[in-house]
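Colleague: with the input below, show me the fold.
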Amino acid sequence: MIYKKMKRLLDIVLSLIGLIILSPILIIVAIAIKMESKGPVIFQQERLGLNGKVFKIYKFRSMCVGAEKSGVYETKGDARVTRVGKFIRKTSIDEFPQFVNIIKGEMSIIGPRPTLTYHPWSLDEYTDVQSKRFNVRPGVTGWAQINGRKDVPWDKRIEYDVEYVENLSFGLDLKVFFKTIFKVLTMQDNVNVGETAKTAADEIKENEVVVSKEESGK
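Modeller: Numbering: from 1, shown residues only. The predicted model follows:
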């Protein structure tokens with residue numbers, strides 16, 4: 001498909017331009033993260049990419065080190081999120097390091113968001129239809145993100161991902177791009193408020209119980 005080749009070229013060019021133009025902001029954010037809390041500036045995490053291949057996604061660290069042990073999701077008022085983290089999450093600045101993932105060929109500007117290797121489920125648990133989401137490079141933003149983002153249950157998010165893959169076109173990418181800018185500027189749908197948030201709260205409670213039991217047994 002001709003557009004897929006053009007899409008890759010656009011990804012590289014726009015990512016390089018983005019890194020150059022945004023470099024002052026990236027430097028300031030990196031310094032702020034380092035000054036506020038101990039730990040690396042860049043958070044790395046294994047995700048599923050094109051054809052289900054595992055890669056490490058890059059983000060500015062927005063939580064305290066070891067936050068994942070208390071659950072996958074961020075919830076409203078999550079104490080694990082740092083002060084700098086709250087700002088960069090609301091403005092989506094924490095996603096900017098993914099320009100590097102794009103240049104490396106691991107991601108695209110627009111595509112299905114890369115899922116964790118184990119969440120919402122492992123690669124072998126996706127149905128044949130759901131697996132279509134892995135036929136394209138994962139994106140910094142995507143069709144599911146402009147249709148509810150974190151307020152949409154996982155099975156519905158994946159439906160949107162498959163719909164995107166089956167209708168991939170320059171026009172659709174353009175629509176996603178501009179709607180994403182609108183959502184970022186208005187800070188919409190960037191905190192879990194629906195069923196996914198309930199799951200997050202349950203995960204945190206369950207993990208706290210496990211940790212408490214482990215500590216009491218020491």
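Colleague: show me where this protein has its helices.
Modeller: Ranges of helices in the chain, per DSSP state H, are 2-36, 83-90, 98-103, 154-166, 170-186, 195-216.
Colleague: by contact count, what packs against the longest one?
Modeller: Meaning helix 2-36. Contact here means 3 or more Cβ pairs under 8 Å, 6 or more residues apart in numbering; DSSP states H and E; on that basis helix 2-36 packs against strand 54-60, helix 83-90, helix 98-103, strand 108-110, helix 170-186. Yep, even glycine has a C-beta here, placed from its N, CA and C like the rest.
Colleague: so where's the chain shaky on pLDDT?
Modeller: By pLDDT under 70, the weakly predicted segments of the chain are 66-78, 149, 188-218.
Colleague: for the residue nearest to the spatial centre of the chain, give me its contacts.
Modeller: For the chain, the residue nearest the mean C-alpha position is R113 (5.9 Å; Cα atoms, centre = their mean). Contacts here follow Cβ atoms under 8 Å, 6 or more residues apart in numbering; on that basis R113 touches 138-139, 141-142, 144-145, 157, 161.
Colleague: do the same with K59
Modeller: 42-43, 45, 94-95, 97-98.
Colleague: ok, 6 Å please
Modeller: 43, 94, 97 (Cβ atoms under 6 Å, 6 or more residues apart in numbering).
Colleague: quick one: the second one and D128, what's the gap?
Modeller: Using Cβ to Cβ, to the nearest Å, we find D94 at a distance of 33 Å from D128.
Colleague: looking at these two, which one has more neighbours?
Modeller: Between D94 and D128, counted using other Cβ atoms under 10 Å, the more crowded position is D94 (22 against 6).
Colleague: isn't that one up against S62?
Modeller: Yes: taking contacts as Cβ atoms under 6 Å, D94 lies within contact range of S62: 5.0 Å.
Colleague: give me the common contacts of those two.
Modeller: Common neighbours of D94 and S62, using Cβ under 6 Å, 6+ apart, are I88.
Colleague: picking that back up, just say which of the helices and strands packed on helix 2-36 is most tucked in.
Modeller: strand 108-110 (a mean of 25; mean count of other Cβ atoms under 10 Å).
Colleague: may I have the strands that pair with that strand, each with its orientation?
Modeller: strand 139-141 (parallel) (DSSP bridges).
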